[in-house]
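S.K.: How does the following fold in three dimensions:
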Amino acid sequence: MISTKPETNPEPAPLLEIQNLKVYFQNRPSLFGRKVTIYAVDDVTLTLRKGEVFGLVGESGSGKSTLARAIVKLHSPTSGSVAYRGQNILKQSKKTSKEFRRHVQMIFQDPYESLNPQSDVLNAILEPSIIHGLAPKGKAEREAKVAELLESVGLDPASKMDRFPHELSGGERQRVAIARALSLEPDLVLADEAVSMLDVSVRLGILVLMMDLKKKFNLTYIFITHDLGVARYICSRIAVMYHGKIVEIAEPDELINHPLHHYTNLLLASIPGSPMETPDRPAESTANPFGPPRGCRFEPRCPAAQEKCRTEEPPLVELRKQHFAACHYPMK
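M.R.: Residues are numbered from 1 along each chain as shown. Below you'll find the predicted structure:
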């Protein structure tokens, strides 16, 4: 019997799946000599689709960079899993792990710190390819490859290839860092505050470049920033982090126009010229990363907090279509 049921195309498998990820830093002595545990990332679950620009937004200390470093295996998670193309990278062999590092690259906040001051631009960009055995053999071929990468990030190979980091501007150094990340032809690039240390006049150029490169090389981004205004214009989805927790996820316009979590509203109110109302509670009051409360971590700062918020941790649930928030008393 021939089925007349229409065929349905299954949804593509996620590029990256993070399940219940925790990153705790333990046994670090405090100022008073006591040993403490820092709950840097606490039970984070996320799914990233191929081709997305996924934003991670939050204040300093919210856990954004720690989460990114755990994804690229610069930090060892306490528990949970990180699956890339269906494979748990935390249980990979050394050989498979090296292959993963080729396909997932990171652009750091400070390009001067991420570049070896003793390496010129040519060798800085070639180094990853040499490590992974992908560099051309001949000198001329290597220079041609670097020249192509420099041109792709808007730099003149003839004048920049033999320069050292201290001879470049901040924007030029970041372009070199981007070229180095692209040298391995990655699928996923994590940009950790990639424009926050640059002059305002340079930031837009770098953002435009990154979006152009996304199209040219079919990249997927995780874009980490404390600036919701920037994330709104380049991200396809935004996750808001607060003290190790994801507290809200939505598409940019939905998040900006209909924030559900009171912390997101606080971030929006901090944008210059924002019409959002500033919460009544003092913004200086912060959660304790060494001993988070039993309930909601934003409770000390939340203008809508009630007794339930002090005793029960709110789950991250879908409150509007594709709009998730972790709040007992969400905004209307």
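
S.K.: Going by C-alpha atoms from here, please, whenever you check contacts or count neighbours.
M.R.: Fine.

S.K.: Low-confidence stretches in the stretch 201-332 of the chain?
M.R.: By pLDDT under 70, the weakly predicted segments of the stretch 201-332 of the chain are 272-291.

S.K.: And the strands in it?
M.R.: 220-225, 237-242, 245-250, 317-320, 323-325 (DSSP state E, counting those that start in this stretch).

S.K.: One more: the stretch 1-150 of the chain?
M.R.: Under DSSP E, counting those that start in this stretch, the stretch 1-150 of the chain gives strands at 16-29, 35-48, 53-57, 79-84, 87-88, 104-107.

S.K.: Distance-wise, check I238 relative to E151.
M.R.: 31 Å (C-alpha to C-alpha, to the nearest Å).

S.K.: neighbour-wise, which of the two wins?
M.R.: I238 (27 against 12; other C-alpha atoms under 10 Å).

S.K.: How about the contacts made by that one?
M.R.: By C-alpha atoms under 8 Å, 6 or more residues apart in numbering, the contact list for I238 reads 54-57, 231-232, 249-252, 255.

S.K.: Would you mind giving those residues as a markdown table with neighbour count and distance to L209 added?
M.R.: Supplementary listing: the contacts of I238 in a markdown table, determined by neighbours: other C-alpha atoms under 10 Å; distance: C-alpha to C-alpha, whole Å:
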| residue | neighbour count | distance to L209 |
| --- | --- | --- |
| F54 | 23 | 17 |
| G55 | 30 | 17 |
| L56 | 30 | 20 |
| V57 | 27 | 21 |
| A231 | 22 | 15 |
| R232 | 18 | 17 |
| I249 | 27 | 26 |
| A250 | 24 | 25 |
| E251 | 17 | 22 |
| P252 | 21 | 20 |
| L255 | 24 | 25 |
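
S.K.: Can you tell me which of those lies closest to T220?
M.R.: The shortest approach to T220 among these belongs to F54, at 8.2 Å (C-alpha to C-alpha).

S.K.: got the contact list for the closest one?
M.R.: 48, 221-223, 235-239.

S.K.: just the residues you listed now: which is nearest A140?
M.R.: Closest approach between the contacts of F54 and A140, by C-alpha to C-alpha: Y221, at 31.9 Å.

S.K.: Measure how buried that closest one is and give me the count.
M.R.: Neighbour number of Y221 under other C-alpha under 10 Å is 26.

S.K.: Pull out the buried positions in the lengthiest helix in the chain.
M.R.: Taking DSSP state H as the criterion, the chain has its longest helix at helix 200-217. Neighbour-count burial for helix 200-217 flags 203, 206-207, 209-210, 213-214 (criterion: 16 or more other C-alpha atoms under 10 Å).

S.K.: do stretch 256-263 as well
M.R.: 256, 258-263.

S.K.: Beta-bridge partners for S79, please?
M.R.: K22 (DSSP bridges).

S.K.: Would you confirm that it contacts N20?
M.R.: Yes. S79 lies in contact with N20 (C-alpha atoms under 8 Å); the separation is 7.4 Å.
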